[in-house]
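**Q** Build me a model from this:
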Amino acid sequence: MFKRKVCNWLMLLSIVLVTNLSYSQELTPELFFEKKKLQEVTISYTKAMETCFEHTPRVRPSKLKIDKLETELVLDAVYYLHYVALNHCMKDEYIRFLSAVNYYNSLVNRDEWLEVDSFVISALEEEVRGEFEFKQLPEAVQQHFLQLDILKTPFDAATLVMELRGDL
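**A** Residues are numbered from 1 along each chain as shown. Model (predicted):
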């Protein structure tokens with residue numbers, strides 16, 4: 001649901017930028033170029049989000065080979081590796097998107113600035129927080145999860161967490 005809201009918001013931003021192109025009276029060639037670039041980057045970012053967030057394989061708890069590990073230890077590892085995989089998948093798009101927004105903001109008045117990086121920043125912060133929690137796990141547990149190839153690419157973490165907690 002949250003992912004869908006972010007994608008919809010990005011598409012709306014793209015539409016607003018296109019509409020804004022025709023209403024801006026002081027549109028310099030550089031600003032016109034940047035608005036067009038921002039639109040392209042927003043569409044690309046949205047497509048990457050669909051790939052990295054929505055079209056992810058389901059991972060069954062049995063594939064984690066967790067035997068008798070405490071659920072909380074497993075959840076900490078899954079949480080961290082989920083953000084590592086997602087942020088790695090989105091890294092290039094994060095950079096392109098934030099670069100385009102920052103450049104756009106450098107060309108317009110402060111009251112026209114776009115404040116859109118909160119989702120990106122939150123995802124990166126969650127990875128760092130998750131890393132701290134992950135590093136608190138016993139070394140053997142860390143190594144076990146780091147070796148699982150299935151957790152090295154984006155995966156359906158929400159369903160996995162619900163299964164681990166017994167909610168499904």
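
**Q** count of residues packed around residue 47?
**A** Residue 47 has 13 neighbours, counted by other CB atoms under 10 Å. (C-beta placed from N, C-alpha, C; glycine too.)

**Q** Can you give me the distance of it to residue 96?
**A** Using CB to CB, to the nearest Å, one gets 12 Å for the distance from residue 47 to residue 96.

**Q** List the contacts of residue 73.
**A** If a contact means CB atoms under 8 Å, 6 or more residues apart in numbering, then residue 73 has 137-138, 141 as its contacts.

**Q** Mind checking which of these are buried?
**A** The neighbour-count criterion (16 or more other CB atoms under 10 Å) marks 137, 141 among these as buried.

**Q** the helices in this structure, which residues?
**A** Taking DSSP state H, the helices of the chain run over residues 2-23, 29-49, 71-107, 118-135, 139-146, 157-165.

**Q** which one of the ones you listed lies closest to residue 62?
**A** With CB to CB, the closest approach to residue 62 among the helices of the chain belongs to helix 157-165: 9.6 Å.

**Q** Packing partners of that closest one?
**A** With contacts taken as 3 or more CB pairs under 8 Å, 6 or more residues apart in numbering; DSSP states H and E, helix 157-165 sits against helix 71-107.

**Q** For stretch 158-168, which outside residues touch it?
**A** Here stretch 158-168 has contacts from 58-61, 71, 74-75, 78-79, using CB under 8 Å, 6+ apart.

**Q** Of all pairs in the residues you listed, which one spans the longest distance?
**A** Distance extremes for those: the farthest pair is 58 and 71 at 18.4 Å, using CB to CB.

**Q** more crowded one of the two?
**A** In this view residue 58 and residue 71 are compared by other CB under 10 Å, and residue 71 has more residues nearby, 13 against 10.

**Q** Skipping adjacent residues, who's closest to that one in space?
**A** Leaving aside its chain neighbours, residue 71 sits nearest to residue 164 (5.7 Å; criterion: CB to CB, 6 or more residues apart in numbering).

**Q** what do you get for residue 148?
**A** Distances taken as CB to CB, 6+ apart place residue 64 nearest to residue 148, at 6.6 Å, with adjacent residues excluded.
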